[in-house]
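> All I have is the shape, not the residue letters:
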């Protein structure tokens, strides 16, 4: 899942600490600047720990960030991502919303929140977040929100929107192996087997095989009637990813 989320200093995070009230007095600009720098440094550390699934340490760094500056939005975004991974959905949503409250133009957080909503079955709300992210002309990575919108639309069952969104993403970033693979899977789902095969071959040129790509290859070649190639994909899947869900599906013959 993490490959579809965004981290970095332009993000937002959550519900630890309270924002400074309007009656708090005039702050010293130098102090504010130093506080923001400390919050950014702690948040960057938290993001690094999050990427290595060291959630407890990441949360400790985020507490330091919020103590330094409880209006630093990126910290709340990382909070949201961590709680999303921990299946603490209420905390995740609260933190994403807090991040957006602090900066409504933060497209990275909207992308992450949109993906959270889609994975929880709130497809329309998720698609709204992706649309909001893309309305920001300064968004540095629109191809990510486009790709996520495509995956969300596919989950919803709107295959036309899914294809349109993935095509937009590929137009901006044609060599993204994850998006190429998702488009291959979508083409397979729609019965466009030769196009799915072409895209799967393109994925093989861009990145090493994954359990997902090998499992798609098994099912695709099975549909095309190439038993030798189907077996080759299956052998790789069993050898490389024996503990994967895809390997279990292969061993139990659940091709559909």
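Cool, got the structure. Just so it is clear, the model here is predicted, and its values are computed rather than measured.

> Tell me which helix or strand comes right after the longest helix anywhere in the chain.
In the chain, assigned by DSSP state H, the helix with the most residues is helix 29-51. Downstream of helix 29-51, the first helix or strand assigned by DSSP states H and E is helix 55-68.

> elements contacting the helix or strand just after that following helix?
Next in sequence after helix 55-68, counting helices and strands by DSSP H and E, comes helix 74-85. Helix 74-85 makes packing contacts with helix 29-51, helix 55-68, helix 89-102, helix 107-119 when contacts are defined by 3 or more Cβ pairs under 8 Å, 6 or more residues apart in numbering; DSSP states H and E. The way it works is simple: take the backbone N, C-alpha and C, and place the C-beta from them, glycine included.

> Same list, those, but as JSON lines with distance to residue 176 please.
Output for these, formatted as JSON lines (distance: least, Cβ to Cβ, whole Å):
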{"stretch": "helix 29-51", "distance to residue 176": "18"}
{"stretch": "helix 55-68", "distance to residue 176": "26"}
{"stretch": "helix 89-102", "distance to residue 176": "24"}
{"stretch": "helix 107-119", "distance to residue 176": "15"}
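
> I'd like to know which of these is closest to residue 231.
When the helices and strands packed on helix 74-85 are compared by Cβ to Cβ, helix 107-119 sits nearest residue 231, at 33.6 Å.

> thinking in terms of the whole chain, how far from its middle is that closest one?
Offset of helix 107-119 from its chain centre (Cα atoms, centre = their mean, to the nearest Å): 7 Å.

> same for the next helix or strand after that helix, what does it pack against?
Next in sequence after helix 107-119, counting helices and strands by DSSP H and E, comes helix 123-134. Helix 123-134 sits against helix 107-119, helix 142-156, with contacts defined as 3+ Cβ pairs under 8 Å, 6+ apart.

> so where's this structure uncertain?
Scanning the chain with the threshold set as pLDDT under 70 gives 1-32.

> coming back round to it: can I get the helices and strands packed on helix 74-85 in CSV with distance to residue 224 and mean neighbour count?
CSV is the format used below for those (distance: least, Cβ to Cβ, whole Å; neighbours: other Cβ atoms under 10 Å):
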stretch, distance to residue 224, mean neighbour count
helix 29-51, 38, 17
helix 55-68, 43, 19
helix 89-102, 41, 20
helix 107-119, 31, 27
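
> With respect to residue 153, which of these lies nearest?
It is, among the helices and strands packed on helix 74-85 and with distance given as Cβ to Cβ, helix 107-119, at 8.9 Å.

> Please produce a markdown table containing the helices and strands packed on helix 123-134, extended by distance to residue 75.
Listed next are these as a markdown table, based on distance: least, Cβ to Cβ, whole Å:
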| stretch | distance to residue 75 |
| --- | --- |
| helix 107-119 | 11 |
| helix 142-156 | 21 |
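
> can you tell which of those is closest to residue 208?
The closest of those to residue 208 is helix 142-156. By Cβ to Cβ, the value is 19.7 Å.

> Give me the buried positions along whatever helix or strand comes next after that closest one.
Remark: after helix 142-156, the chain's next helix or strand is helix 159-172, criterion DSSP H and E. Using 16 or more other Cβ atoms under 10 Å as the test for burial, helix 159-172 gives 161-163, 165-166, 168-170.
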